[in-house]
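>>> fold the following.
(chains A and B)
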Amino acid sequence: MKKKEFSDISLKDAILKAAEEFNTDEEKIRYEIITEKTRYFGHRQREIFINAWPYDGSEEEELKSFLKEIIDQMQLDLDFEIEDKKGFLRVNFRGDDYKLLLYQNGNLLNAIQYLLNRLFSDTVGKKIFCECENFRKNRERELTNLSHHYAKEVQKKGKPLSLKELNPFERRIVHITINKYSDLESKSMGDSFLKVITIKRK
Amino acid sequence: MKELVETVCKALVDMPDDVKVTQIDGEQTSILELRVHQSDLGKVIGKQGRTARAIRIILAAAGMKQKRRFNLEIIENFDDYKAPKEPESP
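Below is the predicted model of the structure:
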């Protein structure tokens, strides 16, 4: 895969330029923005610099074969399919060993997701989400319910309460739900990867 | 299990030829010793040991299926390592 730099007045023009250079459609161009400049000489003009490369789905194949190899070597009964969504790739696992994936709050699922993101999210140009048996959806619902419950408790008694250790993704959900209450605030405590959220009155 | 660590680490690292894994089997546990090129150590360990933790979790899950424990040891090369001088105690 070769990256090349392009610049033009607008993002769309720059992508078109890149598509012409690589002889493909503009939909198949993946890019990252380097800088944006505004020039004042002469008439006012904007200029945008992007790094672009053609994308033909071969990275997705690479991801597939890597994941297959890992699962084979772990000797698990798992199957997966990849959905290409707009902002992200979703890897959906299913099979007999899904319980192992979700063991201890989806420990293994998160580990695989992290590894895949480190290896492939740059080349694919998208974030990768792993999902298994609606685990993330259920977890989100569970956490919003829990934080609503805690919020009401704090409002009633006035004492600060803290939740269990959560990972960043889960903490985000709690912070968002607590933000809806105008008289409460939430804070993350600790400095390791897993932090404890405390909810208290302002 | 050796192959599993090898494939993951070779994908992570800049110099895949230097990845070496040796397996030492015990009664219930096996120790996997991972050696990588000096400049790739950070890539295998990751921010706050996050990558290393992910590999260990994957190993633990594979071990649960086989009813065996796996320990991953990342081995540093201490040949060129110079210990920082300790401040003299007053």
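>>> and A:Ser162, how many neighbours does it have?
14 (other Cβ atoms under 10 Å in any protein chain shown). C-beta coordinates here come from the backbone N, C-alpha and C atoms, glycine included.
>>> just how off-centre is the helix or strand that contains it within its chain?
Element membership of A:Ser162, judged by DSSP states H and E, is strand A:161-166. Strand A:161-166 sits 23 Å away from the centroid of its parent chain (Cα atoms, centre = their mean, to the nearest Å).
>>> and what of stretch A:79-97?
For stretch A:79-97, the distance to the chain centre is 14 Å (Cα atoms, centre = their mean).
>>> how about that stretch and chain B, touching?
Yes: using Cβ under 8 Å from any Cβ of the partner chain, stretch A:79-97 reaches chain B at A:Asp97.
>>> measure that stretch end to end?
Its first and final residues considered, stretch A:79-97 spans 9 Å by Cα to Cα, to the nearest Å.
>>> same deal with stretch B:35-46?
For stretch B:35-46, the end-to-end distance is 15 Å (Cα to Cα).
>>> so for it, what gets flagged as buried?
Within stretch B:35-46, the residues that qualify as buried are B:Arg35, B:Val36, B:His37, B:Asp40, B:Leu41, B:Lys43, B:Val44, B:Ile45, B:Gly46, counting by 16 or more other Cβ atoms under 10 Å in any protein chain shown.
>>> for the residue nearest the centre of chain B, what are phi and psi?
In chain B, the residue lying closest to the centroid (Cα atoms, centre = their mean) is B:Ile74, at 2.8 Å. Per-residue torsions, B:Ile74: phi -90, psi 120 (degrees, to the nearest 10).
>>> and B:Ser39, that one's in a strand?
No: counting by DSSP: H, G, I helix; E, B strand; the rest coil, B:Ser39 is located in no strand; its state is helix.
>>> got the contact list for it?
B:Asp14, B:Met15 (Cβ atoms under 8 Å, 6 or more residues apart in numbering or on different chains).
>>> show me the helices in chain A, by range?
Remark: helices assigned in chain A by DSSP state H are A:11-22, A:58-74, A:98-101, A:103-124, A:135-157, A:168-179.
>>> quickly, which of the ones you listed bottoms out on average pLDDT?
For the helices of chain A, the weakest mean pLDDT is recorded on helix A:11-22, namely a mean of 79.
>>> and that one, what's buried?
Applying 16+ other Cβ under 10 Å to helix A:11-22 flags A:Ala14, A:Ile15, A:Lys17, A:Ala18, A:Ala19, A:Phe22 as buried.
>>> contacts for that helix, please.
In contact with helix A:11-22 (Cβ under 8 Å, 6+ apart) are residues A:4, A:6-8, A:25-26, A:28-29, A:31, A:33, A:48-50, A:52-54.
>>> what subset of those is buried?
A:Phe6, A:Asp8, A:Ile29, A:Tyr31, A:Ile48, A:Ile50, A:Ala52, A:Trp53, A:Pro54.
>>> rewinding a little: of all the helices of chain A, which lies closest to A:Lys86?
helix A:103-124 (13.4 Å; Cβ to Cβ).
>>> and the angle from that closest one to helix A:58-74?
150 degrees (axes from the mean of the first three to the mean of the last three Cα atoms, to 10 degrees).
>>> send over helix A:103-124 as PDB, restricted to the C-alpha atoms.
The C-alpha trace of helix A:103-124 is given here as PDB (Å, rounded to 0.1, in the frame of the first residue of the first chain):
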ATOM      1  CA  TYR A 103     -16.000 -14.300  30.400                       C
ATOM      2  CA  GLN A 104     -15.300 -11.600  33.100                       C
ATOM      3  CA  ASN A 105     -17.200  -8.700  31.400                       C
ATOM      4  CA  GLY A 106     -16.000  -9.500  27.900                       C
ATOM      5  CA  ASN A 107     -12.300  -9.700  28.800                       C
ATOM      6  CA  LEU A 108     -11.300 -11.700  25.700                       C
ATOM      7  CA  LEU A 109     -13.600  -9.800  23.400                       C
ATOM      8  CA  ASN A 110     -12.000  -6.600  24.500                       C
ATOM      9  CA  ALA A 111      -8.500  -8.000  24.100                       C
ATOM     10  CA  ILE A 112      -9.200  -9.200  20.600                       C
ATOM     11  CA  GLN A 113     -10.800  -5.900  19.700                       C
ATOM     12  CA  TYR A 114      -7.700  -4.000  21.000                       C
ATOM     13  CA  LEU A 115      -5.300  -6.200  19.100                       C
ATOM     14  CA  LEU A 116      -7.300  -5.900  15.800                       C
ATOM     15  CA  ASN A 117      -7.400  -2.200  16.200                       C
ATOM     16  CA  ARG A 118      -3.700  -1.900  16.800                       C
ATOM     17  CA  LEU A 119      -2.900  -4.100  13.700                       C
ATOM     18  CA  PHE A 120      -5.500  -3.100  11.200                       C
ATOM     19  CA  SER A 121      -7.300   0.100  12.000                       C
ATOM     20  CA  ASP A 122      -4.600   2.200  10.300                       C
ATOM     21  CA  THR A 123      -4.600   0.300   7.000                       C
ATOM     22  CA  VAL A 124      -8.400  -0.200   6.900                       C
END
